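A.B. asks: quick one: sequence and predicted model below, then my questions.
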Amino acid sequence: MTHAEESGDGFTATSYYIDDNDSMMKLYLPFVSKEQVAKEKRLANFAMLMGIPTPFTGDLIKDGDRYGLIFERIFTKQSISRLLSNNPERIDELAKIFADMCKKLHQTKCDIDLFPCANNKYKEEIINSKLFSDEEKAKINKFIDNVPVVNN
């Protein structure tokens, strides 16, 4: 029997380390459909093929009413926020590394049929959010409208 230890959670899923030490599992909340999970698997594989550093994506799994994915576990991975939190004296160095990574990502040619522009999705989320006033929503959506859409 495989054992899994929770390693983090987010808006749509909880991540677990699997005791085989080579894998991790991302188990999505019940509102995330099997089709959405399968789409994430496909997109992760396409990103890897495009040269974006991405963990290998394994099997699609099911646990009760939740779907999930098995991923290659990257032992050296740390989020930029964790690195900054643990090393505040390195802020200049880490900011440059992060900016360089973002630049590389945004210079990567993207197939817009596979990765459609996210502007409308984000604008809808802002409009439906209860976190912002109408004035703030208008400013955020104006900003989104002014971000150039490119696919390199």
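C.D. replies: Received the coordinates, thanks.
A.B. asks: partners of the least confident helix or strand in the chain by mean pLDDT, with directions?
C.D. replies: None of the helices or strands of the chain scores lower by mean pLDDT, DSSP states H and E than strand 4-9, at a mean of 83. Paired neighbours of strand 4-9 in the sheet (DSSP bridges): strand 13-18 (antiparallel).
A.B. asks: quick one: average pLDDT of the partner strand?
C.D. replies: Averaged across strand 13-18, the pLDDT comes to 90.
A.B. asks: again, but for stretch 39-49
C.D. replies: Here stretch 39-49 scores 91 as its mean pLDDT.
A.B. asks: would you mind extracting the C-alpha trace of the least confident helix or strand of the chain into PDB?
C.D. replies: Extracted in PDB, the C-alpha atoms of strand 4-9 (Å, rounded to 0.1, in the frame of the first residue of the first chain):
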ATOM      1  CA  ALA A   4       1.100   9.900   0.700                       C
ATOM      2  CA  GLU A   5       2.000  12.900   2.900                       C
ATOM      3  CA  GLU A   6       0.400  16.300   2.200                       C
ATOM      4  CA  SER A   7       2.900  18.800   0.900                       C
ATOM      5  CA  GLY A   8       0.700  21.800   0.000                       C
ATOM      6  CA  ASP A   9      -2.600  23.000  -1.200                       C
END
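A.B. asks: buried ones in it, by neighbour count?
C.D. replies: By 16 or more other CB atoms under 10 Å, the buried positions in strand 4-9 come out as residue 4. Backbone N, C-alpha and C define where each C-beta goes, glycine included.
A.B. asks: just give me how far that strand sits from the chain centre.
C.D. replies: Per CA atoms, centre = their mean, to the nearest Å, the displacement of strand 4-9 from the mean C-alpha position of its chain is 16 Å.
A.B. asks: from what I can see residue 65 touches residue 32, true?
C.D. replies: No. Using CB atoms under 8 Å, residue 65 is not in contact with residue 32; the gap is 10.4 Å.
A.B. asks: neighbour count winner among these two?
C.D. replies: Comparing residue 65 with residue 32 by other CB atoms under 10 Å, the one with more neighbours is residue 32, at 17 against 8.
A.B. asks: can you map out the helices along this protein?
C.D. replies: Assigned by DSSP state H, the chain shows helices spanning 34-49, 80-86, 91-107, 119-128, 134-146.
A.B. asks: and those: which comes nearest residue 8?
C.D. replies: Within those, the stretch nearest residue 8 is helix 80-86; the backing value is 10.3 Å (CB to CB).
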